[in-house]
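**Student:** What shape does this take:
(one chain, ligands or ions: 2)
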Amino acid sequence: MTVYNIALIGFGGVNRALAELIASKNDLWARDLGFRLNIVAVSDLYLGSVISPNGLDAKTLVESKFAKGGFGQLSGGSAEADNETVIKTAPADIIVEATFTNPKDGEPAVSHCRWALESGKHVVTTNKGPVAIGAQVLKALAEKNGLHFEYEGSVMSGTPVIRMAEKTLAGAELKGFEGILNGTSNFVLGRMETGMDFSAAVKEAQELGYAEADPTADVEGYDVRLKVVILANELLGANLTPDDVSRKGISGLTAADIDAATKSSSRWKLIGSAVRNADGSVTGSVEPKCLPLEHPLAAVSGATNAVSLNTELLGSVTVTGPGAGRIETAYALLSDIVAIHNASGAAQKKEAA
Ligand SMILES: NC(=O)C1=CN([C@@H]2O[C@H](COP(=O)(O)OP(=O)(O)OC[C@H]3O[C@@H](n4cnc5c(N)ncnc54)[C@H](O)[C@@H]3O)[C@@H](O)[C@H]2O)C=CC1
Ligand SMILES: N[C@@H](CC=O)C(=O)O
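**Tutor:** Ligands and ions are numbered 1, 2, ... in the order given. Predicted structure coming up:
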């Protein structure tokens, strides 16, 4: 049985949910997926860090109510988050990066991923910063070292978009996309339609684990902008930076705007899109749009996301599913590990042939 030793960098909603899944589903995964996951290290800004070469019990990790610096009480633990030591020295096969997304320069997560790839460890991440800002360099480093840099959860959480578009729609000739790419803002708009005020709706999204540490990123469109960059660069072969994508969020929408849309059988949605122009360049944008109810994206509600991929050979293909949520996003990490596992199996078969 294959066992992947993993180190968790960040132990907030998403990585804690992954630990919860490990505690309850490792046997199922061993049977159905052919591997088990063993947590050999965790590092978190608030809790500190711990390296345990034989593995930490996932259930105990999830159920313990650690105080600030609490990992310092564990064997092999420290009250400080020493990410660099954990990433470089823990006996991990895979580094699971789920710290805060920094929309400006992607740090320190870009460095976390680089340290991992330089020390022979695969990276799976849900953090949009290193993908939107550092993907080219990190992918090249991974390839050079025969490793994987996987980030399905960086767009639409566990809903398959990146691998689906790249693998299943290969050859369909993608020309552009438009979608609802932020769960929090879509949830907030829906709540405002029921009469709830903006701040109360944002607070509820935070409690449900949808929002970024700073929810300004959600409601002002910075998060969607990173996702537009990721999809445009990955699927349209663009080379965009966040500053190349125009951005407007939903905070300017008033209760009266929402009401007026309802009365005219339409709905406000925060739309992220990109299109390939005739000269081959790619233009991306993020802005609220008032969509008629018959528009395919108008019915997408709550933290659900959807993206319509506009292809030459197949027309428009729309993928809908959860766009945020702790377990939903932890599933994206699992799907990345499955991709690594399947690729290593395929490589072994090729070597044996
Ligand atoms: N929650 C969601 O629905 C989704 C989240 N994401 C992304 O996944 C990542 C994790 O999300 P959540 O777990 O919800 O966030 P969170 O805010 O619940 O947890 C982040 C954790 O990382 C720790 N942390 C922050 N900076 C750190 C550093 N430099 N070193 C060590 N630990 C650090 C924090 O103490 C916190 O415990 C974020 O980048 C987020 O944008 C992506 C898709 C969906
Ligand atoms: N805060 C984000 C989480 C996923 O990227 C969102 O609400 O979509």
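**Student:** ok, which residues in this protein are in contact with ligand 2?
**Tutor:** 157, 182, 183, 184, 210, 211, 212, 218, 223, 323, 324 (CB under 6 Å from any ligand atom). Backbone N, C-alpha and C define where each C-beta goes, glycine included.
**Student:** Residue 105 in helix, strand or coil?
**Tutor:** Following DSSP: H, G, I helix; E, B strand; the rest coil, we place residue 105 in the coil state.
**Student:** And it, what's its pLDDT?
**Tutor:** pLDDT for residue 105: 96.
**Student:** Look at it and say how many residues are nearby.
**Tutor:** Counted with other CB atoms under 10 Å, residues neighbouring residue 105 total 13.
**Student:** ok, now which ones touch it?
**Tutor:** Residues counted as contacts of residue 105 (CB atoms under 8 Å, 6 or more residues apart in numbering) are 129, 133.
**Student:** picking that back up, by neighbour count, which of the residues of the chain next to ligand 2 wins?
**Tutor:** In terms of neighbours by other CB under 10 Å, the residues of the chain next to ligand 2 top out with residue 182 at 33 neighbours.
**Student:** Surely that residue and residue 307 touch.
**Tutor:** No. In this structure residue 182 lies outside contact range of residue 307 using CB atoms under 8 Å: 11.6 Å.
**Student:** Pull out the buried positions in the longest helix along the chain.
**Tutor:** Identified as the longest helix of the chain according to DSSP state H is helix 326-352. By 16 or more other CB atoms under 10 Å, the buried positions in helix 326-352 come out as 326-341, 344.
**Student:** filter the residues of the chain next to ligand 2 down to the ones close to ligand 1.
**Tutor:** Applying CB under 6 Å from any ligand atom, the subset of the residues of the chain next to ligand 2 adjacent to ligand 1 comprises 157, 210, 212, 324.
**Student:** so where does the residue nearest to residue 171 when sequence neighbours are not counted fall, helix or strand?
**Tutor:** The shortest distance from residue 171 to any non-neighbouring residue, by CB to CB, 6 or more residues apart in numbering, is to residue 313 (7.2 Å). Secondary structure from DSSP states H and E places residue 313 outside every helix and strand.
**Student:** now residue 226
**Tutor:** helix 222-235.
**Student:** In terms of secondary structure, what does that helix contact?
**Tutor:** helix 128-144, helix 162-163, strand 174-180, strand 246-247, strand 266-276, strand 282-292 (3 or more CB pairs under 8 Å, 6 or more residues apart in numbering; DSSP states H and E).
**Student:** and that helix, how far out from the chain's middle?
**Tutor:** In terms of CA atoms, centre = their mean, to the nearest Å, the centre of helix 222-235 is set 11 Å apart from its chain centre.
**Student:** try stretch 237-245
**Tutor:** Relative to the mean C-alpha coordinate of its chain, stretch 237-245 is positioned 18 Å out (CA atoms, centre = their mean).
**Student:** can I get the CA coordinates of that stretch in CSV?
**Tutor:** C-alpha atoms of stretch 237-245 as CSV (Å, rounded to 0.1, in the frame of the first residue of the first chain):
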residue,chain,number,x,y,z
GLY,A,237,-2.0,30.4,-22.9
ALA,A,238,-2.0,34.1,-21.8
ASN,A,239,0.7,35.7,-19.7
LEU,A,240,-1.4,38.1,-17.6
THR,A,241,-0.6,39.5,-14.2
PRO,A,242,-3.4,40.7,-11.8
ASP,A,243,-2.7,44.3,-12.8
ASP,A,244,-3.6,43.5,-16.5
VAL,A,245,-7.2,42.6,-15.5
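**Student:** in it, what's buried?
**Tutor:** Buried residues in stretch 237-245 (16+ other CB under 10 Å): 238, 240, 242, 244, 245.
**Student:** Pick the one among these closest to ligand 1.
**Tutor:** Nearest to ligand 1 among the buried residues of stretch 237-245: residue 242, at 14.1 Å, using CB to the nearest ligand atom.
**Student:** Check the gap between that closest one and residue 102 for me.
**Tutor:** Distance of residue 242 to residue 102, computed by CB to CB, to the nearest Å: 11 Å.
**Student:** I'd like the helices and strands packed on helix 222-235 as a markdown table, with distance to residue 7 appended.
**Tutor:** A markdown table is the format used below for those (distance: least, CB to CB, whole Å):
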| stretch | distance to residue 7 |
| --- | --- |
| helix 128-144 | 16 |
| helix 162-163 | 23 |
| strand 174-180 | 32 |
| strand 246-247 | 34 |
| strand 266-276 | 32 |
| strand 282-292 | 34 |
